[in-house]
Structure formats: C-alpha cells, structure tokens
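Colleague: test case, fold it:
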Amino acid sequence: MLTIRKSQDRGYADHGWLKSFHSFSFANYFDPAHMGWGNLRVINEDRIAPGTGFGTHGHRDMEIISYVLSGNLAHQDSMGNVKGIPPGDVQRMSAGSGVRHSEFNHAEGEQTHFLQIWIEPNVMGIDPGYEQKTVPEAAKRGQLALVAAPDSGQFTVKIHADARLYAGLFDGAEHASLALNPARKAYVFLVRGSLQVNGQPLQAGDAALLQAESSLALAQGQNAEVLVFDLCA
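Modeller: Below you'll find the model as predicted:
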C-alpha cells in the first residue's frame, strides 16, 4: 500500500527567523494521524534567516540527522564539537543519555535550508555521539546512496536505530529500484524537483508512505533530490 502526503498538508510554523514545515506532529503542530511512521518520528524542513538560529537546548535518547540543502549550519554541542555542515554533508548526533547543542546560520545574506530528522533509537541511555560525512554528488547521481544505517560506511553515518536512510539525485532517464521487506515500512520524502515513486507523481515536499510493499521504483525525475527511509514497523 502506498499513500501520498502532499507538501501543503504538512504542519507549518513561521517564527520570523525560522520557517518550518513539519511532516509529523511537532511543537505546536499536533495531528494524531501523523505522529510518525515506523520509528521515524520527525522530518522538519527548516529555513533559518541569516544571523539567527536555535539557541542551546537539550535532547535525550534520539538519533538526530541533519541534511543541509543550502547555506551552512553551524553546530556546537556539549561533547565539544564545533562544526559547519555544508550541503552534501550528513550529520548524525546520538543524544543518548543527554546532550546540549545549538545550531546557527552565520552566513551574511544567505538563508540556511536543511532537514532535521529524528529516528527513535533501539538502545537507550548510551553515551552521546557525533558523526559527520560528506556524500559526493556522484554517489547519489542516478542511484540511492546509503547515508545512515546501523553500520557505518564510506558515505554512511552510523545510527543506533533499526533504520536505513538513502539519498538520491534523479533527472531525465535516471532511475533506481530498491527491494523492500513487506513486513517493514518505507518512507520517501522528495526534497526538491519532481519524481515518480512506484508510478505515482511527487512534487517537492511531498512524501510517499509505504507498507506491505516488496519494491520501490524511482523514475521520471526532473531535478529531483529524494530521501528514502527503510524503517521498522
């Protein structure tokens, strides 16, 4: 079964310095029909105005992934990490027993556009951790690159969760397929452009929720960037 969730049906918050679309219930946006999908709990599409950002705040027992689309995200945390996250990098922060961090856009005159993703872990109370890797465009062009998984790899950050995250770029005749376990769930989020998912058209900000499916086919992309999640049910 495949269900489409349109971009305009997401929650939205405009804080002036921050404009955010919520795929699932978050902060003041609550929709009991959209509390998460499998162990995927949050996808926030955030746009941070220049010179602003999220002040220091805490997290516990969550795998948090940042995927930057444009601009640069400045990260600082209680583990001693001070990092800039540019487009093409994938950052993972395991909150574990507790971590505090801040995220800012220090670029002058340039908005930072990024996805904030939370996945529920399968272990609790671990030491907090941080990892960041660059995923080159060539690894995603016309194919799905594994960028987050229980085991780390060349372009893959390690998450403490029963989930896998793929990223791909598709245009024109480029296409890809992925075998799915029908006992699990999958979630496809189209970051930008347009793309067909199992023959169903998606536009930027749309998502496809899949369950009891054995395969995923991506085709007919037009400047498409897509994230695909393989999730526990």
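
Colleague: what average pLDDT does stretch 152-172 get?
Modeller: Computed over stretch 152-172, the mean pLDDT rounds to 97.

Colleague: how far does that stretch stretch from start to finish?
Modeller: Stretch 152-172 stretches 31 Å from its first residue to its last (CA to CA, to the nearest Å).

Colleague: residue contacts, residue 159?
Modeller: Counting by CB atoms under 8 Å, 6 or more residues apart in numbering, residue 159 touches 63, 65, 92, 94, 119, 121, 148, 149, 150, 165. Bear in mind the C-beta positions are built from the backbone N, C-alpha and C, glycine included.

Colleague: look up how far residue 38 lies from the residue nearest to it when sequence neighbours are not counted.
Modeller: In space, and not counting its chain neighbours, residue 159 is closest to residue 63: 4.5 Å by CB to CB, 6 or more residues apart in numbering. Applying CB to CB, to the nearest Å, the value for residue 63 to residue 38 is 13 Å.

Colleague: more crowded one of those two?
Modeller: residue 63 (27 against 20; other CB atoms under 10 Å).

Colleague: picking that back up, so what sits against both of residue 63 and residue 38?
Modeller: Joint contacts of residue 63 and residue 38 (CB under 8 Å, 6+ apart) are residue 163.

Colleague: so what does the helix or strand containing residue 195 touch, helix or strand wise?
Modeller: Assigned by DSSP states H and E, residue 195 belongs to strand 185-197. Secondary-structure packing of strand 185-197 (3 or more CB pairs under 8 Å, 6 or more residues apart in numbering; DSSP states H and E): strand 63-70, strand 200-203, strand 207-211, strand 215-231.

Colleague: now render those strands as CSV, adding mean pLDDT and distance to residue 112.
Modeller: CSV is the format used below for these (pLDDT from 0 to 100; distance: least, CB to CB, whole Å):
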stretch, mean pLDDT, distance to residue 112
strand 63-70, 96, 7
strand 200-203, 98, 23
strand 207-211, 98, 22
strand 215-231, 98, 16
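
Colleague: quick check: closest non-adjacent residue to the most centrally placed residue in the chain.
Modeller: Centroid-nearest residue in the chain, with CA atoms, centre = their mean: residue 117, separated by 4.4 Å. With CB to CB, 6+ apart as the criterion, residue 117 has its nearest non-adjacent residue at 4.2 Å, and that residue is residue 65.

Colleague: alright, that wraps it up for me.
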